[in-house]
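**Q** task: produce atomic coordinates for the following.
(chains A, B and C)
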Amino acid sequence: MATFREQVLEVVRSVPYGKVVSYGQVAEMVGAPHSARQVGAVLYGLRDEDGEVPWHRVVNASGGISTYKVGHGELQVALLKAEGVAFVGGGRGEERVDMRAHRWRPELPE
DNA sequence: CGTCTGACGCACC
DNA sequence: GGGTGCGCCAGAC
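**A** Okay, the predicted model is just below:
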């Protein structure tokens, strides 16, 4: 059977352009409601052989960017903005994705 | 193969 | 609205 890692990558690859999902949401989608952090662990260990994985479309439940701690925060924000994702909270350094407008709901047709 | 770690989330102040 | 504490469990080492 597919490993947790593979399932996570599969789900992340299915996130549409211009949409985002939370780590916890991905965890639920792979049937592991209490493994949000592990989703992060998988993305953290992404390798070239994993192919195209839109990891930047995964943010925390608040719409905040969690990748600042690994030095990819600015890159992620840039990639999202390039896809037309709106940020809120603004003003200072920290900004959050407007989840209300961009959170992907798999049951809805994109 | 055993331990440590943490790209999280949520319940409580 | 923000800050703190802690459980979670697959990966990395």
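**Q** low pLDDT regions in chain A?
**A** Residues of chain A meeting the criterion pLDDT under 70: A:90-94, A:109.
**Q** how far away is A:Met41 from A:Ala86?
**A** One thing to correct before we go on: residue A:41 is Ala, not Met. Using Cβ to Cβ, to the nearest Å, A:Ala41 is found at 28 Å from A:Ala86. The C-beta positions use only the backbone N, C-alpha and C, and glycine is treated the same way.
**Q** now A:Pro106
**A** For A:Pro106, the distance to A:Ala86 equals 21 Å [Cβ to Cβ].
**Q** strands of chain A, start to end?
**A** Per DSSP state E, chain A carries strands over the ranges A:21-22, A:58-59, A:87-88, A:96-97.
**Q** is DNA strand C within reach of the third one?
**A** It stands for strand A:87-88. No: Strand A:87-88 stays clear of DNA strand C (Cβ under 7 Å from any atom of the strand), getting no nearer than 9.4 Å.
**Q** what strands line up against that strand, and which way round?
**A** Applying DSSP bridges, strand A:87-88 is found paired with strand A:96-97 (antiparallel).
**Q** off-centre distance for the partner strand?
**A** When C-alpha coordinates are averaged (Cα atoms, centre = their mean, to the nearest Å), strand A:96-97 and its chain have centres 12 Å apart.
**Q** ok, is that strand in contact with DNA strand C or not?
**A** No: residues of strand A:96-97 are not located near DNA strand C by Cβ under 7 Å from any atom of the strand, the shortest gap being 9.0 Å.
**Q** got a list of contacts for that strand?
**A** Residues outside strand A:96-97 that contact it (Cβ atoms under 8 Å, 6 or more residues apart in numbering): A:Val20, A:Val59, A:Ser62, A:Gly63, A:Gly64, A:Ile65, A:Leu80, A:Val85, A:Ala86, A:Phe87, A:Val88, A:Gly89.
**Q** thanks again, I'm all set now.
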